[in-house]
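> Quick one: sequence plus predicted model below, questions after.
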Amino acid sequence: MEEKDELTQIDKVEEDEQGVCEAENVTTEGVEEERSKMEGMASIALLPDGSISGHFVRLPHSVCYGIHGTELACERECSRGEDYRLVKLTIIDFNSKKEQDVVVERRGHDAARLCNVDHAHGWEKDVVNLVDQKHQKNKIVISFECETLKADEAAEEHVRRFMPKLTGLDAVVNIGKMSITGLDFNTVVGPTEQSS
């Protein structure tokens with residue numbers, strides 16, 4: 001009888017230890033996801049040619065990343081609105097000089113919203129391949145929504161102060177909260193290893 005009680009207690013201890021391990025794994029996964037999520041403020045200049053340029057400041061660390069985007073020239077699906085664009089977005093780590101690309105969709109005319117592309121079916125083959133390739137390597141999730149819009153003189157003053165290379169290009173400036181998940185510059189060797 002005592003032997004049976006001991007076995008029952010050993011089984012219970014093993015179950016408790018397994019439960020602790022499973023709880024630790026869940027906690028570790030949550031911490032990893034939390035570590036890879038960056039939140040902060042972005043200041044983005046929308047240029048007349050469809051490209052974007054700006055900065056993302058990660059809070060509370062105040063680490064600044066560069067943002068550059070070029071519009072992908074391709075046929076728009078008829079189900080999308082006229083404000084819909086696909087943008088190849090490059091995020092630049094100024095400290096390590098490394099870059100990572102992700103394809104995002106841009107909605108809104110002057111007040112932009114950026115988010116990930118769920119699928120690019122119906123677009124040209126090279127665009128579909130670019131979207132699929134980026135999703136397979138690593139999943140970078142972008143979210144941005146304009147909260148403050150600056151145009152005309154206010155935009156030109158902002159550009160002159162924070163993005164002097166864009167002065168005189170008739171940019172519209174969007175400022176708002178941005179979050180980036182899954183960005184890992186440790187896996188990138190340098191800016192020469194970008195895929196186009």
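Alright, I've got the coordinates. Numbers count the residues shown, from 1 in each chain.
> Give me the neighbour count for Leu46.
When neighbours are defined as other C-beta atoms under 10 Å, Leu46 has 26 of them. Where you see a C-beta, it was placed from the backbone N, CA and C, and this is true even at glycine.
> so where does Met38 fall, helix or strand?
Met38 is part of strand 37-46 when elements are defined by DSSP states H and E.
> I'd like the distance between the closest residue to Asp170 other than its chain neighbours and Val172.
The spatial neighbour of Asp170 that comes closest, neighbours along the chain excluded (C-beta to C-beta, 6 or more residues apart in numbering), is Pro48 at 5.6 Å. As defined by C-beta to C-beta, to the nearest Å, Pro48 lies at a distance of 9 Å from Val172.
> more neighbours, these two?
Neighbours were tallied for Pro48 and for Val172 using other C-beta under 10 Å; the higher tally belongs to Val172 (22 against 9).
> Below-threshold pLDDT in the protein: ranges please.
Residue ranges of the chain with pLDDT under 70: 1-35, 74-81, 118-138, 187-196.
> just the strands in it please.
Secondary structure of the chain (DSSP state E): strands at 37-46, 52-59, 63-71, 85-93, 98-107, 113-116, 141-145, 148-150, 172-181.
> circling back to that earlier point, list the contacts for the residue nearest to Asp170?
Taking C-beta atoms under 8 Å, 6 or more residues apart in numbering, we find Pro48 in contact with 169-171.
> where's it relative to Arg58, distance?
Computed with C-beta to C-beta, the distance linking Pro48 and Arg58 is 29 Å.
> Then Arg107?
24 Å.
> How about Asp101?
From Asp101 across to Arg58, the span is 19 Å (C-beta to C-beta).
> what does Leu72 give?
26 Å.
> now do His158
Between His158 and Arg58 the computed distance is 20 Å (C-beta to C-beta).
> end-to-end on stretch 88-97?
In stretch 88-97, first residue to last residue: 18 Å (C-alpha to C-alpha, to the nearest Å).
> Give me the residues contacting it.
In contact with stretch 88-97 (C-beta under 8 Å, 6+ apart) are residues 52, 56, 63-70, 72, 98-104, 114, 130, 140, 142, 180, 183, 185, 190-191, 194.
> was I right about Gly176 contacting Lys150?
No. With contacts counted by C-beta atoms under 8 Å, Gly176 stays clear of Lys150, the gap being 11.5 Å.
> how many other residues sit next to Ser62?
Neighbour number of Ser62 under other C-beta under 10 Å is 8.
> now swap in Ile67 and tell me
So Ile67, with other C-beta under 10 Å, has 22 neighbours.
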